[in-house]
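In: Turn this into a structure:
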Amino acid sequence: MNEKTFLVMVILVAVALLFDFLNGFHDAANSIALMVSTRLLTPQAAVIWAAFFNFIAFLFFGLNVARTIGSGIVSAAIIDNAVIFGALCGAISWNIITWWLGMPSSSSHGLVGGLVGAALAKAGWDAIIAQGLIKTSAAIILSPLFGLLLALAMSIALLWILEKATPHPTEQKFNKLQFVSSSLYSLGHGGNDAQKTMGIIAVLLYANGYLNGEFHIPFWVVLTCQIAMALGTLLGGWRIVKTMGMGITRIRPTGAFCAQTSGAVTLFIATSLGIPVSTTHTITGAIVGVGISRRVSAVRWKVAMRIVWAWVLTIPASGLIAAFSWYMARGFMA
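Out: Have a look, this model is predicted:
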């Protein structure tokens, strides 16, 4: 490897870690919005709480999601520095656009869209691994739907069980239980989301000859990505907290507990199966499920539909940006 190629690779690793940081920054609202909106913790305490569990997630999960991103969506044979640059540009640009607009979009699917867009621009459809892309695309629908149905079932069950309970003491108990549910959700968030950047860095190292043999993730990559995501969460994405915590439906401690627990279960299952799902999609579906448990009109459907449109546009928008970025970079990053 010549000096120029090595420098380009180092810069791309730094850009990947920037994406990881922005992922945590952008998705901090997913982890803390319900704690803040129910006044369980102050915003400052909530981000510290979430960041800690984001960081230690690597102790609890395997690296199946990282392997899917690194070798299960786009053929490793066509990956080079320009493709990685395009993918990261697409994902980061879309993250910044939606953050600025205060819209909860998916960092995960922004990265998938970026990978697909850059790969298509370079090598056409032969570069795409259909099975991996279909599995990931299906998760766009299934993860929020599963979160919604689970949260709806939990909420209805609690309404029935607690029908004769005194409201104030009950809410106080569930406020304390939120410490458990929010911890589990933050673990699921750190476990699924940080692995996407791990996969990108690992495939970049393979493409430049720094890793050989069967696809694997070096421990320093795991640790660095978890730190970057935790730091992003620590600084927080405040523009999105209002939308997630108060914009979709009114949430009380019992509802927050149901939404966080349902989101955590969904993320744990997806991570164990190696599916890169959107934490944003998942928690939004769970919040809608909590709202529906009271009455359909309790959900602010106009806000929910704006979020859905952001989801629909994420993969094609990030893919187009990535394709353009690959085109611009293909000469000097070869």
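
In: Break down the protein into its helices, ranges please.
Out: According to DSSP state H, the chain carries its helices in the segments 3-37, 43-55, 64-71, 81-100, 107-123, 130-161, 167-207, 219-235, 238-242, 253-272, 279-294, 301-329.

In: Among those, which comes closest to residue 213?
Out: Across those, residue 213 has its closest neighbour in helix 167-207 (9.4 Å, C-beta to C-beta). C-betas here are computed from N, CA, C, even on glycine.

In: Which elements pack onto the closest one?
Out: helix 3-37, helix 43-55, helix 64-71, helix 81-100, helix 107-123, helix 219-235, helix 253-272, helix 279-294 (3 or more C-beta pairs under 8 Å, 6 or more residues apart in numbering; DSSP states H and E).

In: Pull out the buried positions in the first one.
Out: Translated: helix 3-37. Within helix 3-37, the residues scored as buried using 16 or more other C-beta atoms under 10 Å are 8-9, 12-13, 15-17, 19-37.

In: that older thread, out of the helices and strands packed on helix 167-207, which comes closest to residue 323?
Out: Using C-beta to C-beta, those put helix 107-123 closest to residue 323, at 3.9 Å.

In: Next, count neighbours for the spatially closest residue to residue 177 that is not a sequence neighbour.
Out: Nearest residue to residue 177 in three dimensions, chain neighbours excluded: residue 257, at 5.2 Å (C-beta to C-beta, 6 or more residues apart in numbering). For residue 257, the count of nearby residues is 28 (other C-beta atoms under 10 Å).

In: go on, the one 4 residues further on?
Out: Close neighbours of residue 261, defined as other C-beta under 10 Å, add up to 21.

In: Please report the distance of it from residue 139.
Out: Using C-beta to C-beta, to the nearest Å, we find residue 261 at a distance of 19 Å from residue 139.

In: repeat for residue 88
Out: Distance from residue 88 to residue 139, by C-beta to C-beta: 21 Å.

In: now swap in residue 5 and tell me
Out: Distance from residue 5 to residue 139, by C-beta to C-beta: 35 Å.

In: Next: residue 72.
Out: From residue 72 to residue 139 the distance is 13 Å (C-beta to C-beta).

In: Between these two, tell me which one has more neighbours.
Out: Shown here are residue 72 and residue 139; by other C-beta under 10 Å, residue 139 has more neighbours (25 against 22).

In: Tell me if I'm right that that one and residue 274 touch.
Out: No: at 10.8 Å, residue 139 and residue 274 do not qualify as touching, with contact defined as C-beta atoms under 8 Å.

In: give the contact list for the closest residue to residue 205 other than its chain neighbours.
Out: Among residues not flanking residue 205 along the chain, residue 211 sits closest, at 4.5 Å (C-beta to C-beta, 6+ apart). Counting by C-beta atoms under 8 Å, 6 or more residues apart in numbering, residue 211 touches 202, 205, 218.

In: Equivalent analysis for residue 158, please.
Out: 254, 258.

In: can we see that at 6 Å?
Out: residue 254 (C-beta atoms under 6 Å, 6 or more residues apart in numbering).

In: Okay, it and residue 290: tell me how far apart.
Out: Taken as C-beta to C-beta, the span from residue 158 to residue 290 is 10 Å.

In: what does stretch 53-62 contact?
Out: 183, 186, 187, 190, 191, 222, 226, 229, 230, 233, 271.

In: how long is it end to end?
Out: End-to-end distance for stretch 53-62: 16 Å, by C-alpha to C-alpha, to the nearest Å.

In: From the chain's centroid, how far away is it?
Out: 14 Å (C-alpha atoms, centre = their mean, to the nearest Å).

In: let's have the chain start at 20 instead
Out: Shifting the count to begin at 20 puts that one at stretch 72-81.

In: Can I get stretch 144-152 as CSV, trimmed to CA atoms?
Out: The C-alpha atoms that make up stretch 144-152 are tabulated as CSV, following Å, rounded to 0.1, in the frame of the first residue of the first chain:
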residue,chain,number,x,y,z
TRP,A,144,-27.0,-4.7,-9.8
ASP,A,145,-24.5,-7.6,-9.9
ALA,A,146,-22.8,-5.9,-6.9
ILE,A,147,-25.9,-6.3,-4.7
ILE,A,148,-26.5,-9.4,-2.5
ALA,A,149,-30.3,-9.7,-2.9
GLN,A,150,-30.9,-11.8,0.2
GLY,A,151,-29.2,-9.3,2.5
LEU,A,152,-30.9,-6.3,1.0
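
In: Buried residues, that stretch. List them.
Out: For stretch 144-152, by 16+ other C-beta under 10 Å, it's 146, 147, 148, 151, 152.

In: could you redo those residues as TSV and give each row pLDDT and distance to residue 172?
Out: Shown next, in TSV, are those (pLDDT from 0 to 100; distance: C-beta to C-beta, whole Å):
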residue	pLDDT	distance to residue 172
146	93	41
147	93	36
148	93	35
151	87	30
152	88	31
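
In: Name the member of the residues you listed with the shortest distance to residue 324.
Out: Nearest to residue 324 out of those is residue 152 (C-beta to C-beta; 25.6 Å).
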